[in-house]
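Novice: 3D, please:
(one chain, ligands or ions: 1)
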Amino acid sequence: MKRILCISTGGTFNKVYNPIKGLLEIDRDSRALDEINRKWQSNLEWISIIGKDSLEMTWNDREVLLATIAQSTHHAIMIIHGTDTMELTAAYLADANLQQSIVLAGAMVPYSIDPVEASVNLGAAYGYLQATKEPGISIAMNGIILPYDRLTKDREAGRFDVRNEQLTPGPSLKV
Ligand code: GLU
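Specialist: Numbering: from 1, shown residues only. Below is the predicted model of the structure:
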């Protein structure tokens, strides 16, 4: 089995309801990952950093993420990340020309409310990383795993889908 490091950065994946404040907030301890790992018996190595909704992530946070990846001895890395700026972080990491296989995944429904989406997205990213030998940055969401620049969040549909421009026929195909 390949060693895979999961870096949890926060996002809705990790949100839990705070009954005192009456709102959802990020669980920086990522009990979601702990629970998935225990029930799944996956021996996933994971750490929690940043702990933010991705709309609140700063460039400094992304630098911290990059440094964490660069210092890691793992060749396969999964990043749990909020979906709103997942593509931005993926593009930032791609600029660094890292030699690891890296997959970003998250969930639009908190694991604490309904674990299905979070667990399936994490499992897809994990399976992809076990199988691939290619370095690069990918996104695993809604059953699609592609290089980060081929997927985008469709905010109306509330899911990730293949970027439209990839499907548009080039000039030579137009009648
Ligand atoms: N604003 C949230 C975030 O990007 C969106 C929900 C999510 O994580 O999917 O963290």
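
Novice: shaky segments in the protein?
Specialist: Segments of the chain classed as low confidence (criterion: pLDDT under 70) are 165-175.

Novice: Contact partners for the residue of it found nearest the ligand?
Specialist: In the chain, the residue found nearest to the ligand is Gly82; the distance is 2.0 Å by CB to the nearest ligand atom. Placement of C-beta: from N, CA and C, glycine included. By CB atoms under 8 Å, 6 or more residues apart in numbering, Gly82 lies in contact with Thr9, Gly10, Gly11, Thr12, Phe13, Lys52, Asp53, Ser54, Leu55, Met57, Gly106.

Novice: Quick one: buried ones out of those residues?
Specialist: Among the contacts of Gly82, those classed as buried by 16 or more other CB atoms under 10 Å are Thr9, Gly10, Gly11, Thr12, Phe13, Lys52, Asp53, Ser54, Met57, Gly106.

Novice: would TSV of those residues with distance to the ligand and secondary structure be doable?
Specialist: Shown next, in TSV, are these (distance: CB to the nearest ligand atom, whole Å; DSSP: H, G, I helix; E, B strand; the rest coil):
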residue	distance to the ligand	secondary structure
Thr9	9	strand
Gly10	7	strand
Gly11	4	coil
Thr12	3	helix
Phe13	6	helix
Lys52	7	strand
Asp53	4	coil
Ser54	3	helix
Met57	8	coil
Gly106	5	coil
